[in-house]
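# Any chance you can model this:
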Amino acid sequence: STQLMRRTLAESTGEHRRLGDHLVRTGAALSRDRFGSGERSVRKSLQLLRVERLLLPELEARYSTGKKQILDWRGVACEPVPDCDALKLPNDGGLELELNEVLLYHGCRSSSVAGILAEGFDPSRAGERGGHFFGLGSYFTDVAAKADTYVDAAADGSRCMIVAKVCLGKVHAARKAMPGLQKPPAAEDGADLPAFDSVLGEDDVH
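Predicted coordinates for the structure are as follows:
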């Protein structure tokens, strides 16, 4: 397991306001019923109660290793993700890197949160409740309302949503469901270099 350090962000900080504004705005987007698969006909009104910043050194080291691999494969810039409304991260140390590094929401049951914080996201558990329309992987969204669909409530009615730093790298835009994917699609020319680093589900159905 990994070491965990946490601190609560003051409401007066710019980081708290920025995240709160984004959560409220994207939380009002049309979404499905909780844990449902019907039409997107529900409009929620989310309120940010508390933001806890978690420092996870072991997971951060793993993330940095993966990010460096993407940098080695793609160079300093990847093509921007189309129609992405995610909060963007500042460049490390002033370096002009454009690796599509963003903050994204992840919704899950409260019983899963401790395991994620201890061991990180486990792609093999993708779709245990919502299906894996775009293959095995860890699923994230730039829309708070969508992540909220997969979150259950505590006794006081509050809900916990994870906001994760994600390096998308070179993105494959999937126009239809691809449930058989084990990893992003390979290069058609058989090159050793992976063709993509992540998959963006862009079909209207899922």
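
# what comes into contact with the longest helix along the chain?
The helix that spans the most residues within the chain, counting by DSSP state H, is helix 57-74. Helix 57-74 has contacts (CB atoms under 8 Å, 6 or more residues apart in numbering) with 2-3, 78, 97, 99, 101, 120, 165, 167, 169-170, 193-194, 197. All C-beta atoms are positioned from the backbone trio N, CA, C, and that covers glycine.

# Following element in sequence after it, please.
Next in sequence after helix 57-74, counting helices and strands by DSSP states H and E, comes strand 87-88.

# okay, whichever helix or strand comes after that next one in PDB with CA atoms only?
Downstream of strand 87-88, the next assigned helix or strand under DSSP H and E is strand 101-106. This file holds the C-alpha atoms of strand 101-106, laid out as PDB (Å, rounded to 0.1, in the frame of the first residue of the first chain):
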ATOM      1  CA  GLU A 101      -2.400  16.400 -19.000                       C
ATOM      2  CA  VAL A 102      -5.700  17.300 -17.300                       C
ATOM      3  CA  LEU A 103      -7.900  16.900 -14.300                       C
ATOM      4  CA  LEU A 104     -10.700  14.400 -14.800                       C
ATOM      5  CA  TYR A 105     -13.500  13.100 -12.600                       C
ATOM      6  CA  HIS A 106     -13.900   9.400 -11.600                       C
END
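
# Just say helix, strand or coil for Lys146.
Classification of Lys146 by DSSP: H, G, I helix; E, B strand; the rest coil places it in helix.

# Once you drop chain neighbours, what's closest to it?
Ser31 (5.6 Å; CB to CB, 6 or more residues apart in numbering).

# quick one, what contacts that neighbour?
40, 42-44, 143, 145-146, 148-149.

# for the longest helix of the chain, the distance to its chain's centre please.
Averaging C-alpha positions (CA atoms, centre = their mean, to the nearest Å) puts helix 57-74 16 Å from its chain's average.

# Between strand 101-106 and that helix, find me the angle.
Note on geometry: by axes from the mean of the first three to the mean of the last three CA atoms, to 10 degrees, helix 57-74 and strand 101-106 are set 130 degrees apart in direction.
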